[in-house]
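K.L.:
got a predicted structure here, sequence first:
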Amino acid sequence: MTAYYPKKFKAHRIRCPIFLETGQVMQTTFPRLMLKHAAERPSAPALREKEYGIWQTTTWSDLARLAESVACGLHQAGLQRGEHLVVVGSNRPRLYATMLAAQSLGAIPVPLYQDAAAAECVFPITNAEVRFCVVEDQEQVDKMLEVREKCPQLSHIYYDDPRGLRKYDEEGLGSLEELMAAGAVFAKQHPQFLADEIEKSAPTDVAAMFFTSGTTGNPKGVVHTHSSLIDRAEAGAEFDKLTHNEDVLAYMPPAWIGQNIFSYAQWLVCGYVVNCPESGATITIDLKEIGPTYYFAPPRVFEGMLTSVMIRMEDAGAFKRKMFHTFMAVAKKVGPALMDGHAVGLVDRLLYAVGNMMVYGPLRNSMGFSRVRVAYTAGEAIGPDLFTFFRSIGVNIKQLYGSTETAVFVCLQPDNEARADTVGVPCKGVEIKVADNGEILVKSPGLLKGYYKNPEATAEVLTADGWYHTSD
């Protein structure tokens, strides 16, 4: 970790969030959750990042010090409560800390897709009147500098990775390291500052904004509060019995609310470990090394895995191919039933056990699924054959239904009721009804507060009595 952090994080500075007797989050904010973990489990890992082939760990106390330094630095630079701050990059510990730092000051992080063209960033930055931007590397710096002509209010750009930027001399451009150094000095001089700022925020305050794809017009900024995101994160965690012992691989874009819920909201609710791959090219290797217990991927990722398996089997020797197809026939016959806890004959159970030792276990291990307890897929329908294959070999893959506007979790599949042709049952706090025209309407504590600066679009999807029009 950087040498600029204060030597000792004073966890007693801030009151802990309120919790129900059952352990469920009642009313709190993301920075309070971070400080709760830092106070109760200071040396437990919060984040891991693979750098130069080695996994580096950030503990909860490290994270709290990091967020404090960034928050104090942003405060000195002029970030105001209620302002938007754009974050662009892959899943990186300092970018996660930046979002927490912004929320600690009452500002609103707006993650944008790191693969978006510069022109695609103009509307979100202009619409949200963004002055501050924190990006991952040179590629994103170049993008932000390019849009400055159309976004003159973008006055502060900070970067995490300095490689390739040594000779850049643009006004308002600086490293996150320098910002943190200044912030750490301020934090030592004002030890109560962060605690006081965090206490000013309420669960009903805006926590983040996510822009839709804008395929039929300009993107819409979906506004979510701390309470809407935390409530849905807690509902999903309770449904799948998630604990701080989970390991998650964060490899999807942070600007996508699905990744944000799994590796940010639920991470802070549960206190588990989020692992950040070294790069997109190393995800497969990193997946095997980490062996996540909680995993999410769209159907195309699972399709790619199955395709890779079948290609390898075609290149294998005759004996291995025969063994694979023989035991996969057994798996297809009894695997889903075993996964759902149904009764299976003794002979089939024994054959499956042998297959698990010879084929299914090694196959799960080669894909990085040796420890997966819950795996979700969503975004589009998954093919029944693909769904059956993974459940047959002992991967508890399930489907969910939700959207950006619902903070993801609307319907989830119970462990013993996962089928390819359903999306499960409404999770805690959700009501669903079908309109006369067949449209699905949802009422949930996780619904958006509204579309930013777009009351007309908000009125189209949110009724006066709290129902959300899904258009499905």
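P.N.:
It's in. Residues are numbered from 1 along each chain as shown.
K.L.:
dump the residue contacts of Phe327.
P.N.:
By C-beta atoms under 8 Å, 6 or more residues apart in numbering, Phe327 lies in contact with 351, 354-355, 358-360. The way it works is simple: take the backbone N, C-alpha and C, and place the C-beta from them, glycine included.
K.L.:
wait, which of those is closest to His226?
P.N.:
Tyr360 (41.9 Å; C-beta to C-beta).
K.L.:
if we can go back for a sec, filter the contacts of Phe327 to the buried ones?
P.N.:
351, 355, 359-360 (16 or more other C-beta atoms under 10 Å).
K.L.:
so which of these are in helices?
P.N.:
351, 355 (DSSP state H).
K.L.:
name the residues that touch the helix or strand containing Met310?
P.N.:
Using DSSP states H and E, Met310 sits within helix 299-315. Residues external to helix 299-315 that are found in contact with it (C-beta under 8 Å, 6+ apart): 320-321, 324-325, 363, 367, 377, 379-383, 386, 389-390, 397.
K.L.:
ok, so what distance separates Met144 from Pro31?
P.N.:
Here Met144 is placed at a distance of 26 Å from Pro31 (C-beta to C-beta, to the nearest Å).
K.L.:
of the two, who's got more company?
P.N.:
More crowded of Met144 and Pro31, by other C-beta atoms under 10 Å: Pro31, with 31 against 26.
K.L.:
ok, now which ones touch the more buried one?
P.N.:
Contacts of Pro31 (C-beta under 8 Å, 6+ apart): 67, 100, 103-104, 198, 201.
K.L.:
any idea which of these is closest to Leu165?
P.N.:
Closest to Leu165, out of all of those and judged by C-beta to C-beta, is Ala67, at 23.4 Å.
K.L.:
just checking, what packs against the strand or helix carrying that closest one?
P.N.:
Per DSSP H and E: Ala67 is located in helix 60-77. Where contact means 3 or more C-beta pairs under 8 Å, 6 or more residues apart in numbering; DSSP states H and E, helix 60-77 is packed against helix 30-40, strand 45-51, helix 93-104, helix 176-189, helix 193-199.
K.L.:
give me the buried positions along the first one.
P.N.:
Same thing as helix 30-40. 30-39.
K.L.:
same thing with stretch 323-332?
P.N.:
323-324, 327-328, 330-331.
K.L.:
re earlier: out of the helices and strands packed on helix 60-77, which is the most enclosed?
P.N.:
Most buried of these by mean neighbour count (mean count of other C-beta atoms under 10 Å) is helix 93-104; its value is a mean of 27.
K.L.:
that one vs helix 60-77, what angle?
P.N.:
Between helix 93-104 and helix 60-77, the angle comes out at 60 degrees (axes from the mean of the first three to the mean of the last three C-alpha atoms, to 10 degrees).
K.L.:
check which helices and strands helix 93-104 sits against.
P.N.:
With 3+ C-beta pairs under 8 Å, 6+ apart as the test, helix 93-104 has helix 30-40, strand 45-51, helix 60-77, strand 84-88, strand 108-112, helix 193-199, strand 206-211 packed against it.
K.L.:
describe which strands the second one pairs with in its sheet and in which direction.
P.N.:
What it means is strand 45-51. strand 54-59 (antiparallel), strand 273-276 (parallel) (DSSP bridges).
K.L.:
quick revisit: okay, the contacts of Phe327 in JSON lines with pLDDT and distance to Ala250 next?
P.N.:
Output for the contacts of Phe327, formatted as JSON lines (pLDDT from 0 to 100; distance: C-beta to C-beta, whole Å):
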{"residue": "Leu351", "pLDDT": "94", "distance to Ala250": "38"}
{"residue": "Val354", "pLDDT": "95", "distance to Ala250": "36"}
{"residue": "Gly355", "pLDDT": "94", "distance to Ala250": "32"}
{"residue": "Met358", "pLDDT": "94", "distance to Ala250": "33"}
{"residue": "Val359", "pLDDT": "94", "distance to Ala250": "30"}
{"residue": "Tyr360", "pLDDT": "94", "distance to Ala250": "27"}
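K.L.:
quick one: which of those residues is nearest Gly89?
P.N.:
Tyr360 (37.1 Å).
K.L.:
between the contacts of Pro31, which is closest to Ile283?
P.N.:
Leu100 (24.4 Å).
K.L.:
just list the residues touching the closest one, thanks.
P.N.:
Contacts of Leu100 (C-beta under 8 Å, 6+ apart): 30-31, 34, 63, 67, 71.
K.L.:
try it again at 7 Å.
P.N.:
Each residue near Leu100 by C-beta atoms under 7 Å, 6 or more residues apart in numbering is listed here: 30-31, 34, 67.
K.L.:
kindly report the same for Leu95.
P.N.:
Leu95 touches 87, 89, 134, 136, 160, counting by C-beta under 7 Å, 6+ apart.
K.L.:
got a winner among these for most neighbours?
P.N.:
Neighbour max across those (other C-beta under 10 Å) = Val134, 28 neighbours.
K.L.:
can you say which of the strands paired with strand 45-51 is nearest to Leu154?
P.N.:
Among these, strand 273-276 sits nearest to Leu154 (C-beta to C-beta), with 26.2 Å.
K.L.:
give me the mean pLDDT for that closest one.
P.N.:
Average pLDDT, strand 273-276: 97.
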